[in-house]
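K.L.:
sequence first, then the predicted structure, then my questions.
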Amino acid sequence: MFPERLFNNQYKCFSVSMLPGTYRRDVERGGKIIMPPSALEHLTRLNIRFPMLFRLTNEKTNRVTHCGVLEFVADEGKVYLPCWMMYNLLSQEGELITIESANLPVATFSRFQPQSEDFLDITNPKAVLENGLRHFACLTTGDIIAIKYNGRVYEMCVLETQPGPAVAIIECDMNVEFAPPLDYIEEETTKDDNVVDPVDLMPAPSGFVPFKGQGNRLNGKNRRDFATLEITASKPIYIRGIPDYDYKLGTLTFLRIAKPANNKEVKDQDEFKAFTGEGFSLREPKVIE
């Protein structure tokens with residue numbers, strides 16, 4: 001078996017919008033490029049493995065990415081790239097880039113970070129990402145890829161790939177994780193901030209408070225060894241149906257989420273029953289002789 005010879009050439013890169021003819025939207029939303037026919041002839045003479053994967057290098061900016069090939073219909077000496085790939089390479093229209101064949105390991109894991117919080121509004125973001133990656137041949141750590149869904153373009157940063165910094169994703173079983181979006185701010189909330197105890201909304205007790213005061217000895221002497229017992233006035237237990245007789249004009253009290261009082265605690269209090277009492281008539285009763 002002949003040893004594998006690597007493909008290594010330089011081409012002028014252009015964005016897909018510069019491709020002659022009808023605008024190719026299928027190239028824009030994927031991770032594959034369009035190369036000239038001479039590249040295909042060169043590749044057929046070499047012992048190249050399939051699928052064809054390539055390493056793209058911009059020597060001026062020292063930026064590297066990886067891609068697949070979609071068609072061989074470009075003009076000679078030119079290659080056409082998706083816009084997101086041009087941004088990753090920091091390449092200008094017509095700038096020279098080096099394209100060489102690459103053998104990449106099959107992906108087992110990848111982690112992505114959405115560049116916008118709007119990606120969280122999608123009902124099933126994992127399924128959307130999986131459907132978008134079908135147009136890609138490989139992934140490179142550090143790249144920002146573009147996923148198109150429902151008329152919008154979502155940018156995703158490839159934070160991590162395993163088992164290497166660049167992996168092939170054609171016919172593979174890959175685990176995917178998401179990092180928080182770049183502009184995501186987590187709201188810090190506690191349970192105590194949202195839960196209000198209705199007892200705390202009741203007014204403080206006024207007037208007579210039982211078991212509050214100071215005791216005296218029958219012989220009139222003071223006992224200094226007694227510890228002073230401080231009794232704090234507890235708030236009354238809220239009982240549904242009893243009006244607040246201490247209501248002050250201009251205040252509002254909300255007790256809609258009150259818990260029912262314990263029967264043992266209500267037993268010693270005056271039981272209130274609605275619509276009970278004695279009625280009176282404005283007319284005088286007739287006296288029948």
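P.N.:
That came through fine.
K.L.:
what's the offset of stretch 82-101 from the middle of its chain?
P.N.:
32 Å (C-alpha atoms, centre = their mean, to the nearest Å).
K.L.:
shaky segments in this structure?
P.N.:
Residues of the chain meeting the criterion pLDDT under 70: 1-5, 186-215, 220-242, 253-274, 285-289.
K.L.:
just give me the residue right at the centre of it.
P.N.:
Central residue of the chain (C-alpha atoms, centre = their mean): residue 120, 5.2 Å from the mean position.
K.L.:
doesn't that residue fall inside a strand?
P.N.:
No: Residue 120: not assigned to a strand; according to DSSP: H, G, I helix; E, B strand; the rest coil it is helix.
K.L.:
from residue 178, how far off is it?
P.N.:
Taking C-beta to C-beta, to the nearest Å as the measure, residue 120 falls 9 Å from residue 178. To be clear about C-beta, it is placed using only N, CA and C from the backbone, and glycine gets the same treatment.
K.L.:
between those two, what contacts are shared?
P.N.:
Common neighbours of residue 120 and residue 178, using C-beta atoms under 8 Å, 6 or more residues apart in numbering, are residue 114.
K.L.:
now the helices for the protein?
P.N.:
25-28, 37-45, 83-89, 125-132, 191-194, 263-267 (DSSP state H).
K.L.:
excluding chain neighbours, give the residue nearest to the residue nearest to the centre of the chain in space.
P.N.:
Computed as C-beta to C-beta, 6 or more residues apart in numbering, the closest residue to residue 120 that is not its neighbour in sequence is residue 181, at 6.5 Å.
K.L.:
centre of the chain versus stretch 64-82, how much separation?
P.N.:
Centroid displacement of stretch 64-82 relative to its chain, using C-alpha atoms, centre = their mean, is 35 Å.
K.L.:
just checking, residue 81 touches residue 17?
P.N.:
No: in this structure residue 81 lies outside contact range of residue 17 using C-beta atoms under 8 Å: 10.6 Å.
K.L.:
and residue 146, bridged to which residues?
P.N.:
The partner list for residue 146 in beta bridges (DSSP bridges) reads residue 155.
K.L.:
let me see the contact set for it.
P.N.:
Residue 146 makes contact with 28, 29, 82, 83, 84, 153, 154, 155, 156, according to C-beta under 8 Å, 6+ apart.
K.L.:
picking that back up, the more surrounded of residue 81 and residue 17?
P.N.:
A side-by-side neighbour count of residue 81 and residue 17, using other C-beta atoms under 10 Å, places residue 81 first with 27 against 12.
K.L.:
who's the more buried one bridged to?
P.N.:
Here residue 81 sits in beta bridges with residue 15, going by DSSP bridges.
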